[in-house]
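>>> the following block contains a protein sequence and its predicted model.
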Amino acid sequence: MHTGGEPLRIITSGYPAIPGDDILAKRRYARDHLDHLRRFLMFEPRGHADMYGAILVEPSLPDADMAVLFIHNEGYSTMCGHAIIALGRYAVDYGLVKVVEPVTHVNIECPCGMVRTEVEVTNGQSRKVRFSSVPSFMFARDLALTLEDGRSFKTDIGYGGAFYAILDSGQFGLPISSSVTNKLTQLAEKVCLAVRKAIPLSHPDHDDLAFLYGAILTDGKDTFGDTPTRNICVFADSQVDRSPTGSGVSARLAIQHGKGLIQTGQSRRFESIVGSGFEGAVTSTTTCGPHAAVIASVKGLAHYSGKASFWFEDNDDVGRGFMLR
């Protein structure tokens, strides 16, 4: 499937059982013992540097309809909004939940916690999906940092199931345009390096959640109102999200709400580097440990793109997976 252009390879069979008392334990086991399968499915010749995947596993939470581990070119993320939107539709279409019209609820257990989705269903056909985030919050505001080349910048750090550095690319004279994707990607990597060196992260729920997943460069349109805003998310190992990034939109909404730039119940359109869009809103406020937090709502549409089966021949060393970028 793909959501707003961002791929999602849903692994439905062939993976060995992944043990663990909870989803984070399963994530650690897959990372430590089954990482060759991640490379096999994400890397060339079966994938590419920007491939993304979802491994369906046994839930550990009693009210979960399904559970998922997310994989990409670097490892295992804790949350993925574009995948959640796709999986919500997939769960309805493949009979993983009882279908109820006009809205079917699908509870998806993720490494960051339970994410609840609402799938629009008309005449048995699934449509758009809305998910409610785990508590999202602004971890740091207006940090003044310096890149290795001496350029200074300001950034916020937000959490929406994963941590992101979120900043206006206009500080560096770059628009959010596909024509400068390479420059934006290189800049985001430099920003991540500076943040990781300077800012220790923490999450009140679990240390496994306390890492900087990527950087989100925006068009700076975080003013109060409903003006659409565009961003590019660069995460993992220089991986570029083709969608607006669901967890990133949740983090951006938390920051905008913390700065008084969006009200509870107000919707905004968030656009990606390729022009696809998510509808985002703050539905309620809460707390996450010491942090004022919000429950963000993100709505989008996923499409099917095909089915595939993959196999490995014993003499195919290159076929174990490789990356040229």
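Received, thanks. Numbers count the residues shown, from 1 in each chain.
>>> what is the neighbour count of the nearest residue to G260 once chain neighbours are set aside?
On the basis of CB to CB, 6 or more residues apart in numbering, the spatially nearest residue to G260 that is not a chain neighbour turns out to be F224, at 7.3 Å. All C-beta atoms are positioned from the backbone trio N, CA, C, and that covers glycine. Taking other CB atoms under 10 Å as the criterion, the count of residues near F224 is 12.
>>> what does E148 give?
9.
>>> just G47 next, same as before
23.
>>> again with E313
Look at E313: counted by other CB under 10 Å, it has 7 neighbours.
>>> contacting residues for it?
G319 (CB atoms under 8 Å, 6 or more residues apart in numbering).
>>> same check, this time on A162
With contacts defined as CB under 8 Å, 6+ apart, A162 is in contact with 77-79, 112, 209, 213-214, 235, 247, 251.
>>> ok, back up a step: is the residue nearest to G260 located within a helix, as I assumed?
No. Residue assignment for F224, taken from DSSP: H, G, I helix; E, B strand; the rest coil, gives coil, which places it outside any helix.
>>> contacts for the helix or strand where F270 lies?
Assignment of secondary structure by DSSP states H and E places F270 within strand 267-271. Residues lying outside strand 267-271 but in contact with it, judged by CB under 8 Å, 6+ apart, are 226-231, 244, 249, 252-253, 256, 262, 277-281.
>>> now a PyMOL select for only the buried ones of these.
Filtering the contacts of strand 267-271 down to the buried ones (16 or more other CB atoms under 10 Å) takes a single PyMOL command:
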select buried, resi 229+230+231+244+249+252+253+256+262+277+278+279+280+281
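>>> for E74, which non-adjacent residue is closest in space?
Distances taken as CB to CB, 6+ apart place A236 nearest to E74, at 3.7 Å, with adjacent residues excluded.
>>> do the same with V134
G113 (4.3 Å).
>>> count of neighbours near that neighbour?
Here the count is done by other CB under 10 Å, and G113 has 18 residues near it.
>>> any low-confidence regions in the stretch 1-150 of the chain?
Segments of the stretch 1-150 of the chain classed as low confidence (criterion: pLDDT under 70) are not present in this model.
>>> flag every buried residue along stretch 294-302.
By neighbour count on 16+ other CB under 10 Å, the buried set for stretch 294-302 is 294-302.
>>> and of those residues, the nearest to H72?
Each of the buried residues of stretch 294-302 was scored against H72 by CB to CB, and A302 proved nearest at 17.1 Å.
>>> quick one: the closest one from G88, how far?
Distance of A302 to G88, computed by CB to CB, to the nearest Å: 8 Å.
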